[in-house]
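A.B. asks: What follows is a predicted structure for the sequence shown.
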Amino acid sequence: MQELNNKIAELLTNNLVSIFISYKKGLNGKIKPAFFTKPNEVYENYFGDEAQQNLAVYVHKPEVKKYSKVGILANIFALKALLQLYAENQIKDNYLTIVTVNQDNKVIVFADFNEIESYIAQHQIEKNTNKQKEINELLSLSREKRWEFWVEQLSSCIKCYACRAICPMCYCSKCTVELNQPQWISVPAHSLGNFEWHIMRMMHLACRCINCQECSRVCPMNIPLHLLTTKINSDMEEEFGQIAGMKTTLDFALNTFKVDDYENFIR
Amino acid sequence: MKIGFYPGCSLEGTAREYNESLKEISKVFKIELEEIIDWNCCGATAAHSLNKDLALALPARSLALAEKQGFNEIVVPCAACYSRLFTAYSELNSEPEKLEKIKEIIQIDFKVTSKPINVLEFINKYIKPDLKDKIKNKINLNIACYYGCLLVRPPKLLAVERYEDPMIMEEIIKITGAKPLDWAFKTECCGAGLSVSKTDVVNKLSGKIIDDAINRKADIIIVACPMCQSNLDMRRKSINTYLNKKLDIPVLFITQLIGKALGLDSNKLGLQRHFVKVSPELFMQKGISSDSVSNKIGVEV
Amino acid sequence: MSRIGVFVCHCGENIGATVDCAEVAKMAKDFPGVAFSIDYKYMCSDPGQTLIKEAIKEHNLTGVVVAACSPRMHEPTFRKVAAEAGLNPYLCEMANLREHCSWVHYKDKSTTLKAAELVRMLVEKVKLNTPLYPIKVPVTKTALVIGGGIAGIQTALDIANSGHKVIMVEKSPSIGGHMSQLSETFPTLDCSQCILTPRMVEVAQHPNITLYTYAELESLDGFIGNFKATIKLKAKSVDHSVCNGCGECSAKCPIKKIPDEFNAGLGTRPAIYVPFPQAVPNKPVIDRDNCTYFRKNGKCGLCEKICPTKAIDFSQKDEFITVDVGAVVVTTGFDIKGTDFFPEYGYGKYKDIITGLQFERLASASGPTLGEIRRPSDGKIPQNIVFISCAGSRDPAKGIDYCSKICCMYLAKHAMLYKHKVHSGKASVFYMDIRAGGKTYEEFVRRAIEEDEVNYVRGRVSRIYEKDGKLIVKGVDTLLNSYPVEIEADMVVLGTAGIANPESESLAQKLHISYDQYHFFAEAHPKLRPVETNTAGIMLAGACQFPKDIPDSVSQASGAASKVSALFSQNELTRDPLIAFVNKNTCVGCFMCQSVCPYLAIEKEKIKAKDGSVIREVAKINPGLCQGCGTCVALCRSKSIDINGYSHKQVYAEVMSLFNERSLEYV
Amino acid sequence: MSDFEPKIIAFVCNWCTYAGADLAGTSRIKYAHNIRIVRFPCTGRIDFMLLLKAFQSGADGIIVSGCHPADCHYTAGNYHARRRWIVFQNLLNFLGIDTRRITFSWVSAAEGAKWGHLVNEVVDNIKKIGPYTEYAKLGKIGIGSISEGNYARIE
């Protein structure tokens, strides 16, 4: 992928970015994120099907933030995440140079977020019908069976917060889980706290999650968190017709309303 | 070109000439009106004053049959039938729950895609664009266009512009050369179904309509509803007795007037079927060639 | 360490009959943190209050729970008691033992237990209460009055006379509003202009009032006591500081046939015009949409040539000024439906069917007929006239469900004026009900019926049509067994519905005030706060809130003025401190909170480094605007927003204090 | 189960439902004693975490109630709350948490009678479905202890 490497090297050489976030092959052969600061490091750059991780998470890490100008290779999920972050006022103007490679292997450098908005509009991510099927199966079970399923799944949570660390949308400097005045999330390693943690995370991600499913990928206990993110995403679309990571403006399901939102569940 | 056709009961009986003239003028424009096979009663006034489901189910069945027979549009000449069919069409389209219930009742699965249109809509869409080129005889008459109630009401449903003072027929007949009148009784009640039970009410109401048309120097009244026509025409004798006047203004269907303008034969247009004689001279006097009208059952007025 | 005092009130029998108050007080003693607990017959009575005050001092209490009636009833009372004993008033809470317990349950052990639990819940809360202090906001003692009709005039004069500055903005070239168009006024039949014009002049000459005519509000920012209003001064094309109002220009203007707004379209005016002879200011403006100079690229310019003082200035541009004001009074009035709204009355095609406002102009001595009742079509004096009330009003089919309130009275007045001017004439009024509630109003209507022999017909008019030069009015007399009535009239006057101004919606959006389904501005409370809006510092007066007559408009105007004067009587504004605030350290600046705030109280605050560079942006809540709903509090993910009085800690403690035996069992 | 007295907690707004409950009192409408009301300024203030905390603390049922649409004292808090409830309810249901135990309602300051009915209905309903220990019991389940259970798993 010479064109991409040249582009990254060019950005670094001309000081248009002081760090570029991309992928490289690790010693064990696994693909991992790469942080290039010099053009001569770019030879390590990897781009291919295995480069799946959503790199957008790094733009709000303090280690990256100390660089004044940051370049990033963004796949479609990262683009959506970056757009969402932009809408949420988390990306300053002239901070990011965003590069993507389109389906024809062409390197695109976006001039602004409006371009990203229209790029995303043209490149809809296909819905994963398998995951939807899993969700439907769960929903077809009795409430009790569903409960048992989740109790088993969430009991194994060790509260390592890898799901939070990998999530591009989890950028709060102080997460609610760390508050103890009052203690919103129970600390002991019992399932109650696990439920609280995952319910709260989903509520906080509702209308913001772009469903890249990184949380599910990195979970050391293999908790099927993608079921939750997929469910909350399809809920948002069905109930309110709003999908995260599509707009430059802050107009999401939980900070807007329609006077005629459905309310047949309210007495 | 074929369009669905729902005659309803009147066009088989008292308003045969409406049926005949509509078919005749359609022929000129190469439009075939094809009757919906096995159509049934629209429910008329009786059904919706008794049972809401029945009032929907009856017209819905005809709509469903039309859909199965492949019609996107159905011409419904009778204003009352049109009102019932169109009400069913829009209610079933906007309320899926009702549709489910009605499908259950009539035992036909359908999507309510056949749209009922009345004669005025039909003329506007299929006849009016080419009418000017096909006119053979200019009509040189003063005409009172009478709409009655159901062609323009209820306004919320039909969304007719200026529903109290509509101009649809006026715009059409202007093309034939006729002069539409500004008059006051366009949308007043003719007495409708009271024709049977309380004839004196019809005498009074229809009498006022005819009286005003004559006062404003109308040569003829045109209508697009079989009920209106029958009240203004068939009841003329008792109206005259009631008013103690001799009012002899003929009442024509708009399709008959257009037929005359197209140069069609009066008998084919059913002009001989009227109670109030449509004299052969009517069109003659005004300098328009006309064939003879044989008036078999016309009353002396 | 908390030292909470619990005071259980019997409220006579009201609580005492079903709840064992002594038992509750006894149980409360054992709640953690409770230092003192007592029950008493009437806690709100003087001895009861003294009991609380003494206990606070004696036991050095850090918080108080009064277990009595609803806090919506006596919270202010007991907070005052706490304050008098030297305790911060916000350290006092109430447990609702009466409305929520003793009155809704039967005498039973469970009822007493519930009472005790309610007390425990509030004890847990009050332990976490913090001393709060009322918020002080400075007040700019200038009022902005939008609209120069009678309501605006009255408001402006009242505020100005109490010694405060007023800025009045009127969109048309003269103040006066609808009242200046009226002939005589009910129920006294005194001439409208005679009572109004002196007030108009007073406004113009008042040292405390700055008047901007031909001007509109462009935008309004800020909050109570501290608004910033931007006003657009439309180009008048005439320099009013030079113009002497001689009127030469209007007389010579070649464009003369513009329908005259002041005469409700019954007369015409030139392109450079003063709306009416008594206008204030009595100086002309050029209506650029109709002026040849502006329409045809500088042709004409006749007025410029003949003006003796060289006041015509075609080059004037719209100007924008920004003013600081402390309060805003909206008095933009109303509009009426035109005759073209009525299909059954001919869609406005009959010239001799007119609106009530047009009749006012016909009856007015300054009107197009100099006060003679002559019909518009041919100038003949109508011998048979019909008035129709509720034209559009009270008619759900027409989308106007409400009663326009003023029509009954002005139609009675019209009929009376007509009879006074055309003695031989016949006047009929079709009505649904005669709504003549008001001082001497009913008597006025009776006078029209009895002395002036106006024919009142109770029924609706279904249709009007023209026949042989007459308007045939077809209606029904419901008092005569629904007998059909037909009147051959020469002229018909419709009491058409009063409706909101077409610009009301956009003005409401500029002011951030709400409006009802008919686009009339909404008051804060229909009964108890009828002159205020939900936005603090913005008041309403006159028919912009709902159609109303002159006395009601003037009363409301004086009400609004007194609200403004009360606000201006202090240098600082005191507000309840139960509002939200942001923890700057944890706020990440996503600004989702901004879009849920109904009061636009959330701003962006830049956190800067020492060198002035912006480190990050965080939310900041303007205490002047926040009303304390807490929607942002529940939305904020990092819980960086909290709210006084209902803080995270407090509500958490309340919830966890309930039924906690089971949670203790499992955790 | 006949002697089971459910514990119901109500989260209500100050301006409508709290006042409505006051009116029930002033009108001497009798209803079940199982209810404990927590006052909030507005339904918009009600944090969804509090509902979980209520279940943890032993509530068998929860009522969340505020002003009818268009009646909100703060103009829009109830609309925002309504959206949150939709999302929250769907999520809890997906997780198998018993959402029959949460009742959302609009009770205005004028609806004292409605409040009384609502409380009685909820209490009757919860009496029928029994105490809710499932959720609070999660506190007993930790890593390792799960093997005792026999939980269904979807493959």
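C.D. replies: Noted; the coordinates are in hand. None of the values given here were measured: they were computed from a predicted structure. Residues are numbered from 1 along each chain as shown, chains lettered A, B, ... in the order given.
A.B. asks: Downstream of the host helix or strand of residue C:466, the next helix or strand is which one?
C.D. replies: Using DSSP states H and E, residue C:466 maps to strand C:461-467. Next helix or strand after strand C:461-467 toward the C-terminus (DSSP H and E): strand C:470-477.
A.B. asks: helices or strands up against that next one?
C.D. replies: If contacts are counted by 3 or more C-beta pairs under 8 Å, 6 or more residues apart in numbering or on different chains; DSSP states H and E, strand C:470-477 sits against strand C:384-391, strand C:455-458, strand C:461-467, strand C:483-489, strand C:491-496. From N, CA and C alone the C-beta is placed, and that goes for glycine too.
A.B. asks: do you know which of the ones you listed lies nearest residue A:90?
C.D. replies: strand C:491-496 (55.4 Å; C-beta to C-beta).
A.B. asks: Distance from the chain centre to the closest one, please.
C.D. replies: Mean-position distance between strand C:491-496 and its chain equals 29 Å (C-alpha atoms, centre = their mean, to the nearest Å).
A.B. asks: outside of that strand, which residues touch it?
C.D. replies: With contact meaning C-beta atoms under 8 Å, 6 or more residues apart in numbering or on different chains, strand C:491-496 is reached by C:336-339, C:341-342, C:345, C:350, C:352-356, C:358-359, C:373, C:375, C:382, C:385-393, C:404, C:407-408, C:410-411, C:414, C:464, C:471, C:473.
A.B. asks: I'd like the helices and strands packed on strand C:470-477 as a markdown table, with mean pLDDT appended.
C.D. replies: Formatted as a markdown table, the helices and strands packed on strand C:470-477 follow (pLDDT from 0 to 100):
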| stretch | mean pLDDT |
| --- | --- |
| strand C:384-391 | 97 |
| strand C:455-458 | 96 |
| strand C:461-467 | 93 |
| strand C:483-489 | 94 |
| strand C:491-496 | 97 |
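A.B. asks: In chain D, which residue sits closest to chain B?
C.D. replies: Using C-beta to the nearest C-beta, the closest approach of chain D to chain B is made by residue D:86 at 21.5 Å.
A.B. asks: Any idea how many residues pack against that residue?
C.D. replies: Close neighbours of residue D:86, defined as other C-beta atoms under 10 Å in any protein chain shown, add up to 23.
A.B. asks: just the helices and strands packed on strand C:470-477: most buried one?
C.D. replies: strand C:491-496 (a mean of 28; mean count of other C-beta atoms under 10 Å in any protein chain shown).
A.B. asks: Give me the angle between that strand and strand C:384-391.
C.D. replies: Angle of strand C:491-496 versus strand C:384-391, following axes from the mean of the first three to the mean of the last three C-alpha atoms, to 10 degrees, is 10 degrees.
A.B. asks: Strand C:491-496: partners in the sheet, and parallel or antiparallel?
C.D. replies: According to DSSP bridges, strand C:491-496 forms sheet pairs with strand C:353-355 (parallel), strand C:384-391 (parallel).
A.B. asks: quick revisit: residue B:145 is nearest to which of the helices and strands packed on strand C:470-477?
C.D. replies: strand C:461-467 (14.9 Å).
A.B. asks: Can you give the strand pairings for the closest one, parallel or anti for each?
C.D. replies: strand C:470-477 (antiparallel).
A.B. asks: Show the average pLDDT along the partner strand.
C.D. replies: For strand C:470-477, mean pLDDT rounds to 95.
A.B. asks: Pull that strand out as CSV, backbone CA atoms only.
C.D. replies: Taking Å, rounded to 0.1, in the frame of the first residue of the first chain, the C-alpha atoms of strand C:470-477 are listed here in CSV:
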residue,chain,number,x,y,z
LYS,C,470,-79.3,42.8,-2.1
LEU,C,471,-77.4,40.4,0.2
ILE,C,472,-79.6,37.6,1.0
VAL,C,473,-78.7,36.4,4.6
LYS,C,474,-79.9,32.9,5.2
GLY,C,475,-80.0,31.9,8.8
VAL,C,476,-82.1,30.2,11.4
ASP,C,477,-83.9,31.5,14.5
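A.B. asks: Would you mind pulling the contact partners of it?
C.D. replies: B:184, C:350, C:352-353, C:386, C:388, C:430, C:457-466, C:482-492.
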